[in-house]
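> Sequence first, then the predicted structure, then my questions.
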Amino acid sequence: MAINRRTFLKAAGLTTLAGVAGHAAMELLAPGALEAARPESVGRFPEELTAKRWAMLIDTKKFTTVQTYQRSIDACHVLHNVPHIPGDQEIKWLWTDSFKHVFPDQQHELVPDAIKNQPFLALCNHCDNPPCVRVCPTKATFKRDDGIVMMDMHRCIGCRYCMAGCPYGARSFNFWDPRPFIANIDPYYPTRMIGVVEKCTFCEDRLARGQIPACVEVSEGAMIFGDLDNQDSEVRRVLRERYSLRRKPSLGTKPHVFYLI
Amino acid sequence: MYNAGKIIPGLLIFLGLVTFPFWSNLGGAYEAPELVMPEAEEECVLAGDWMRANHMILLDDWRDLAVRDNKRLFTNDAGKRFDMSLTKTCLSSQCHANKDTFCDRCHDALAITPNCWDCHVVPTVGEE
């Protein structure tokens, strides 16, 4: 059968119309039926811990040596398959650093030796105004409504803008496949792959299942985690009673990790 | 035509090379690999036929919902609830505990290498 151009164009046009109309009709008659996960079938765990604004307090009087911090660091790194890579290309979610590096604004020559030499715990500050989120070109790092600055490792292209943007050095880049550097892989948390940036996520996967962050859980009260928006929460009560510092306040990032002095 | 004696055989050789993948695979029918189904579970999260064709769509949706929307609880048509997690649900010891005899057999037969396993750990591998 011969087909001329006019007939072909007519048929092509009708087919396109039928396709578009068919999809529209499906959406109209059975909304969402063409999508895999229907929104009504997806929800949150009833035991999920929720807050309007998560925050963490670190009691620097209870944490005075690296050993006291180590339990929290180990708990975090074991749980999240954080590789142990020696040298300057280490991966870290939770680590210790000196007073002058953690609080450069507070440093002067008369700081007592005990404090000068004391290690301080450092982690992602889950800022209110996070520069890492602003500079991420793929939105792999984003801020949740409850204040957690999240990493979507699936979407990270490893450009490391966030590392340049973060004034706290809280992000690490995987220069190598991390798996050979993990002593015991926990199969229930993914490892990362080469070329991806990672950082502390306030254990958001644990919060979703009703557990507090791992570092807080093993800290024996030296770390407190809670809702800063709730006047009656423990974090607010302690912040009313004790003097606290935030890291690099002059930058205006509004960190939500508070150091009790 | 000038140089027809060279051009026509040249064209034929070229066509033969370009169409090589098509005629070299002619005749051999695709055989679906035999998969080892889970012993403990009878039903999948959604209907088996649908999952066979669309499991990547489901996993992709789960991934985005869990990471970006913090929604991690899936209820299927029968009202059964699932943790939206590749390792905690799909690859758990109760279900597709053996990646080699379930996932890989199909993926290998179709020459597909999903990059899920670059990060997600197969539980049995982690226990070794």
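Arrived safely, thanks for sending. Numbering: from 1, shown residues only, chains lettered A, B, ... in the order given.

> got the residues of chain B near chain A?
Contact residues (C-beta under 8 Å from any C-beta of the partner chain) of chain B with chain A: B:54, B:57-58, B:60-63, B:65, B:67-68, B:70-77, B:84-85, B:87-88, B:115, B:118-127. The way it works is simple: take the backbone N, C-alpha and C, and place the C-beta from them, glycine included.

> redo that, cut-off 6 Å
With C-beta under 6 Å from any C-beta of the partner chain as the criterion, chain B meets chain A at residues B:57-58, B:61, B:65, B:67, B:71-75, B:87-88, B:118-121, B:123, B:126.

> Got a ChimeraX select line for the buried ones in those residues?
If you want just the buried ones from the residues of chain B next to chain A in ChimeraX, going by 16 or more other C-beta atoms under 10 Å in any protein chain shown, the selection is:
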select /B:58,61,65,67,71,72,73,74,87,88,119,120,121,123,126
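
> Let's see which of the residues of chain B next to chain A end up in strands.
The members of the residues of chain B next to chain A that map onto strands under DSSP state E are B:Leu73, B:Phe74, B:Thr75.

> Where is the longest helix in chain A?
For chain A, the longest helix by residue count, based on DSSP state H, is helix A:5-29.

> Now name the helix or strand holding the closest residue to A:Met223 other than its chain neighbours.
Leaving out its chain neighbours, the residue that sits closest to A:Met223 by C-beta to C-beta, 6 or more residues apart in numbering or on different chains is A:Val216, at 4.4 Å. Per DSSP states H and E, A:Val216 falls inside helix A:214-217.

> Now do that helix, average pLDDT.
Averaged over helix A:214-217, pLDDT sits at 95.

> going on from it, what's the next piece of helix or strand?
Per DSSP H and E, helix A:214-217 leads on to strand A:223-227 as the next helix or strand towards the C-terminus.

> Just give me how far that following strand sits from the chain centre.
Offset of strand A:223-227 from its chain centre (C-alpha atoms, centre = their mean, to the nearest Å): 16 Å.

> what packs against the helix or strand just after it?
The element immediately downstream of strand A:223-227 (helix or strand, assigned by DSSP H and E) is helix A:234-241. Secondary-structure packing of helix A:234-241 (3 or more C-beta pairs under 6 Å, 6 or more residues apart in numbering or on different chains; DSSP states H and E): strand A:54-59, strand A:223-227.

> For those strands, give me CSV that also has distance to B:Asp100 and mean pLDDT.
Output for those, formatted as CSV (distance: least, C-beta to C-beta, whole Å; pLDDT from 0 to 100):
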stretch, distance to B:Asp100, mean pLDDT
strand A:54-59, 41, 96
strand A:223-227, 41, 95
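
> any chance of those strands in TSV, plus mean neighbour count?
Formatted as TSV, these follow (neighbours: other C-beta atoms under 10 Å in any protein chain shown):
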stretch	mean neighbour count
strand A:54-59	23
strand A:223-227	22
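
> So which residue is smack in the middle of the chain?
Since no chain was named, I'll use chain A. Of all residues in chain A, the one closest to the mean position by C-alpha atoms, centre = their mean is A:Thr201, 2.7 Å from it.

> actually chain B
B:His107 (4.7 Å).

> contacting residues for that residue?
B:His107 makes no contacts at all, as judged by C-beta atoms under 6 Å, 6 or more residues apart in numbering or on different chains.

> Wait, a strand at it?
No. Counting by DSSP: H, G, I helix; E, B strand; the rest coil, B:His107 falls outside a strand, being helix.

> picking that back up, surely the residue nearest to A:Met223 touches A:Phe225?
Yes. Between A:Val216 and A:Phe225 there is a contact under C-beta atoms under 6 Å: 4.5 Å.

> circling back: closest to A:Phe103 among the ones in strands among the residues of chain B next to chain A?
B:Leu73 (41.2 Å; C-beta to C-beta).

> Just want to check the distance between the residue nearest to A:Met223 and B:Val121.
Relative to B:Val121, A:Val216 is positioned 25 Å away (C-beta to C-beta, to the nearest Å).

> How about A:Ser233?
35 Å.

> OK, contacts around A:Asp229?
A:Asp229 makes contacts with A:Lys52, A:Arg53, as judged by C-beta under 6 Å, 6+ apart.

> Try it again at 10 Å.
Each residue near A:Asp229 by C-beta atoms under 10 Å, 6 or more residues apart in numbering or on different chains is listed here: A:Ala51, A:Lys52, A:Arg53, A:Trp54, A:Ala55, A:Asp146, A:Gly147, A:Val235, A:Arg236.

> Kindly state the pLDDT recorded for it?
Reported pLDDT at A:Asp229 in the predicted model: 94.

> Okay, and whichever residue of chain A sits closest to chain B sits in which element?
Relative to chain B, the nearest point of chain A is A:Pro187 (3.2 Å; C-beta to the nearest C-beta). Here A:Pro187 sits in a region with no helix or strand, counting by DSSP H and E.

> looking at it, it is touching B:Cys119, isn't it?
No. Using C-beta atoms under 10 Å, A:Pro187 makes no contact with B:Cys119, being 11.7 Å away.

> anything in contact with each of the two?
Residues touching both A:Pro187 and B:Cys119 by C-beta under 10 Å, 6+ apart: A:Asn81.

> returning to what we had before: spell out which residues sit in contact with the residue nearest to A:Met223, please.
With contacts defined as C-beta under 10 Å, 6+ apart, the neighbours of A:Val216 are A:56-58, A:72, A:75-76, A:202-203, A:206, A:222-226.

> now those in JSON lines, with distance to A:Met153?
Converted to JSON lines, those look like this (distance: C-beta to C-beta, whole Å):
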{"residue": "A:Met56", "distance to A:Met153": "22"}
{"residue": "A:Leu57", "distance to A:Met153": "28"}
{"residue": "A:Ile58", "distance to A:Met153": "26"}
{"residue": "A:Ser72", "distance to A:Met153": "22"}
{"residue": "A:Ala75", "distance to A:Met153": "20"}
{"residue": "A:Cys76", "distance to A:Met153": "16"}
{"residue": "A:Phe202", "distance to A:Met153": "15"}
{"residue": "A:Cys203", "distance to A:Met153": "15"}
{"residue": "A:Arg206", "distance to A:Met153": "17"}
{"residue": "A:Ala222", "distance to A:Met153": "29"}
{"residue": "A:Met223", "distance to A:Met153": "25"}
{"residue": "A:Ile224", "distance to A:Met153": "28"}
{"residue": "A:Phe225", "distance to A:Met153": "23"}
{"residue": "A:Gly226", "distance to A:Met153": "27"}
